[in-house]
Every structure is written in structure tokens, then in C-alpha cells.
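> following is a predicted model, sequence given first.
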Protein chains: 2
Amino acid sequence: MGRPRAFDEDEAVEAAARLFAVHGFEGTSVDDLVGALGVHRGSLYKVFGSKRGLYLAALRRHLDRDVLPVAAAVAAAGSLPAALAQAAAAYDAGPAAGLLLLAAAERAAADPDAAALVEEGVAALETAVTAVLGPGDTAPGLAEALAATVLGLRLRGRATGGRPAGAAVLALADRLTP
Amino acid sequence: MGRPRAFDEDEAVEAAARLFAVHGFEGTSVDDLVGALGVHRGSLYKVFGSKRGLYLAALRRHLDRDVLPVAAAVAAAGSLPAALAQAAAAYDAGPAAGLLLLAAAERAAADPDAAALVEEGVAALETAVTAVLGPGDTAPGLAEALAATVLGLRLRGRATGGRPAGAAVLALADRLTP
DNA sequence: CGAGTTTGAGAATGATTGTTCTTGACTGAC
DNA sequence: GTCAGTCAAGAACAATCATTCTCAAACTCG
């Protein structure tokens, strides 16, 4: 009953994720969102409650659709070099691949809910790396360092427009398993 | 001639760097800056021209006082584990150590001048790692990956409030030189 | 068809944004 | 002591911010 919705909620969240991934939370205005999403202001507030609510929905979608699948693929990979290369390449290609980074740098300090989502994404990547390292290799912090390498390379690529991260992380992985 | 300045310009830039490092560029208002710096609004605009001008001054100061010295120490270190551990530890301790990360994630895409400063800082870290790797170890991308590890761990520490990055990067360095 | 309900359209809200203007305080040189 | 020049204090600026309000439009059910 009632007038039917003229927009797809998932498409709206995806478009919002793209905007937030490029300009950040504070750099994206509600006017920007209304214009890019094709969703009316009132509907946006009816569905998501606030700009922050939409941001958290976009971040969660980014985790579910971009980050966690990559983590699963890493955990399932046979070797460490293959896993890291796959992680870097897949994460490079994602359209909203900057959201997790931007959320970590910009929002986590100010928004506990965003911080929890960032924590979830980072933990998933680290758990996956730990799994592929194997039971005999439990040097404390190694998985954290390798996951941080992927994220750091992605950040570097965003900022300086350099090459994709795949080659660099491969060079590191080759040195780890001689 | 003229009325003497009632604030120290370098102290003002340092305080601004601290604010920007925590809240980012868009998350820090001019009112916040005026309140924390103890510098009057008009004087701030007379000296720095704009909020963006003050931000770029803070970022440059962060490079000169925090990033480039760390890069120099890394380049001068004897071994790779020592160099990476020193980099991670020193960078963790810096008061404004989040500025480079935040600039890379938040500002580089929107501000070419900020992007150039980020590029300078990242390049300095990578050059330093390349130097300490030695002439026989020129695997392309390895230095990029290691520098990215330090930055990524720092980002992770900021976001999730985890342990300092020193231990993790040490675990990685130990695996690189058996 | 009409009652009930949900959405879309767009104006309006008050607060906050970055920036500028005006006025008065202080200084060194003449 | 006055004059020119630099700075501080604070109000004021237009623009933009996130959010809400009002009302017409479009659907389902009876």
C-alpha cells in the first residue's frame, strides 16, 4: 500500500559509496548525494535517517561486497604470493575500494560505529592472511603487517596515482617464501 | 614598525597540524583553529591567506619535522629490520603522525598541492628503504611494499587503536632476512 | 470510487561554513 | 607628539550545511 518507491535502495547505497569513497564523509554534501543518487531529500532521510546513516550503510555494503569476498579468496588461496597478489589486484579493481581506507583515516576517530566496521574489515583481511600463512608460521604480527601492506599500497595508489599494487606486493611475497 | 605580533607563527602551524592530523581538513573548522591556536581570525588570514594555506603549511611542517627525519634515519640504519623498526616506532611517536596519512586519503584527490606533498613524503620513505636494501636487492616494488607496510600499520593503529606498529613490522623484517 | 498510506517535489529551517570589514591598539620613525 | 604602518578584536558577510516541513502524487485495499 502507498505510493511505490521510485528508486532502488541498493543502487542508491552503491552510488553513495562511490561518492563517499572519492570525497569522504565530510567532503560529500547531502546536495551531492541527492543529485547523484536521484533520490529525493525527503526519501533519503525517510530511508536512512541521516547522512551518517547512509554513510554507515555504504560502508557496510563496501565490506560485504568488496572487502569480505577478497578476504575469503585470500584465505582460500594455495600460496602466500598467490593470495597477496589476488588481494591487491581484486582490491585495486573495486569501484568503491577507497571507502575502507577513507573510513579508517577520516571517520574512525569520530564515529564509533564506523570504527567498528573498519575494525571488522581489517580483522577479516588479517584473519585471511593468518589462515594462508599456515599453522607453522605464527610469528606475532606478521599477518597484521602483510594486511597493512595491501592497505598501505592501496592508499599510496589513491594518493599518488601510481601503478597498481599487485606488482609491489608480489615482490614482497616472493621474498617471504624462497 | 607596526604593532608586534602576539603569536608565534611556528607554534600556530604546529597546533594546526595537530588539529588537522586528528580531524582532517574538512573536519577542522576555522573556528576550531582560531580557538586552539590563539590566533585571531584576521591575523590567520593575513599570514596564511586561507584555511587551505594554513593546511599546506602544516603538512609541509609535518614532512620537514616528522617524515623526512624518519626517512633519513631509515636510510642510515645498518640492517633492514633495524631500519623498519625504527621507522615504525618513530612514526608512531610523532604528535602529528596522522597528517600524512590523512592528507593521502582525504586531500590528495582534491588538492594537487597536497598531493605533491604526499608524493614527496612517500617517495622519501621509499627511497630510504631502497637505500637500506642495498645494491644487490633491486626487486622492483619491494621498497614500495615495505614503505606501504609502515604507512598501513600506522593507519591501522589510528583506526582500530591497536598496538604500536613496531612489533608487526619487526616480524615481517625478520622473515625477509633469515 | 474513496479512504488510507507512503513517496516525491520543493521550499524553508536554523546552524555553521570560510572569508572579509570596521574599528581601535600598539609600534618605530620623524 | 604626530604620522604611517601593522596587528588584534569582534562583528558581519554571503554561502553552504544537514535537516525538516508542507503538500501534491501515486499506489493498495475495501
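That came in fine, so what should we check first?

> what helices or strands is the lowest-mean-pLDDT helix or strand in chain A leaning on?
Between all helices and strands in chain A, the lowest mean by mean pLDDT, DSSP states H and E belongs to helix A:80-93, at a mean of 80. With contacts taken as 3 or more Cβ pairs under 8 Å, 6 or more residues apart in numbering or on different chains; DSSP states H and E, helix A:80-93 sits against helix A:68-76, helix A:112-133, helix A:142-160, helix A:166-176. Bear in mind the C-beta positions are built from the backbone N, C-alpha and C, glycine included.

> cutoff 6 Å now
The elements that helix A:80-93 packs onto, with contact taken as 3 or more Cβ pairs under 6 Å, 6 or more residues apart in numbering or on different chains; DSSP states H and E, are helix A:68-76, helix A:142-160, helix A:166-176.

> now do it against helix A:112-133, angle only.
150 degrees (axes from the mean of the first three to the mean of the last three Cα atoms, to 10 degrees).

> got the contact list for helix A:80-93?
For helix A:80-93, the surrounding residues in contact (Cβ atoms under 6 Å, 6 or more residues apart in numbering or on different chains) are A:70, A:73-74, A:77, A:97, A:132, A:150, A:154, A:164-166, A:169-170, A:173, A:177.

> what's the answer for stretch A:169-178, then?
A:Leu80, A:Pro81, A:Leu84, A:Ala85, A:Ala88, B:Ala139, B:Gly141, B:Leu142, B:Ala145, B:Arg175, B:Leu176.

> up against DNA strand D, what does chain A have?
Residues of chain A found near DNA strand D (Cβ under 7 Å from any atom of the strand) are A:1-4, A:28-32, A:41-42, A:45, A:50-52.

> what's the neighbour count on A:Ala165?
A:Ala165: 28 surrounding residues under other Cβ atoms under 10 Å in any protein chain shown.

> so it sits against A:Leu153, correct?
Yes - if you go by Cβ atoms under 6 Å, A:Ala165 and A:Leu153 touch, sitting 3.5 Å apart.

> least confident of the residues of chain A next to DNA strand D?
By pLDDT, A:Gly2 ranks lowest within these, coming in at 76.

> next, the contact list for that residue, please.
Not one residue lies near A:Gly2 by Cβ under 6 Å, 6+ apart.

> backbone dihedrals for the residue positioned nearest the centre of chain A, please?
Most central in chain A under Cα atoms, centre = their mean is A:Leu100, positioned 3.6 Å from the mean C-alpha point. Backbone torsions of A:Leu100, given as degrees, to the nearest 10, read phi -60, psi -40.

> quick one: stretch A:47-64 near chain B?
No - Stretch A:47-64 stays clear of chain B (Cβ under 6 Å from any Cβ of the partner chain), getting no nearer than 12.2 Å.
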